[in-house]
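Enquirer: Next come a sequence and a model predicted from it.
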Amino acid sequence: MKVKAKQEVHNHILDQFDNKNIKPNETYDVIGIDHDCFRIVDQVGDPILYPKYLFEIIDSSIPQSWIRKEYEADEYYIDPPEFSEPGFYEDLFDGDSKAIDIYEKYLASVGITRKFRGNP
């Protein structure tokens, strides 16, 4: 799946946040989806959930191998199998070397070249 950041992403028209790690009109690969957000690899290399309304969908295809988990109140998460284990992103941001390796191997396999920055 691919999305393009809207031109107004920094203008506080869409929301009150600066969204400084997203470039207007930039195309991003989606690496996860939930009921409200797309997870993209932003400009600094972090896999962050951003509200769907910040983007236009360029390619809506979701890989068949991705796993969908449904929860109460129509909440859902769709992720690659590599990322679908509970606590994966927490481990990643905590600097767990196994999680970082899994993440970077996945990005390389789908042609995403931004490197994980992690917690500064």
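Expert: Looks like it came in fine. Numbers count the residues shown, from 1 in each chain.
Enquirer: Residue 66 is in contact with residue 79, isn't it?
Expert: Yes - taking C-beta atoms under 8 Å as the definition, residue 66 is a contact partner of residue 79 at 6.2 Å. The C-beta positions use only the backbone N, C-alpha and C, and glycine is treated the same way.
Enquirer: Look up the closest residue to residue 98, ignoring the ones flanking it.
Expert: residue 91 (7.4 Å; C-beta to C-beta, 6 or more residues apart in numbering).
Enquirer: For the one you found, pull up the helix or strand it's in.
Expert: Using DSSP states H and E, residue 91 falls within helix 88-93.
Enquirer: got the CA positions of that helix in CSV?
Expert: Extracted C-alpha coordinates of helix 88-93, given in CSV (Å, rounded to 0.1, in the frame of the first residue of the first chain):
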residue,chain,number,x,y,z
PHE,A,88,7.0,-5.9,18.7
TYR,A,89,7.0,-2.1,18.3
GLU,A,90,7.7,-1.5,22.0
ASP,A,91,10.7,-3.9,21.7
LEU,A,92,11.8,-2.0,18.5
PHE,A,93,11.7,1.4,20.2
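Enquirer: Can you pull out the low-pLDDT segments for the protein?
Expert: 10-18, 118-120 (pLDDT under 70).
Enquirer: how about the strands in this structure?
Expert: For the chain, the strands defined by DSSP state E occupy 2-5, 27-34, 37-41, 47-51, 55-59, 67-70, 76-79.
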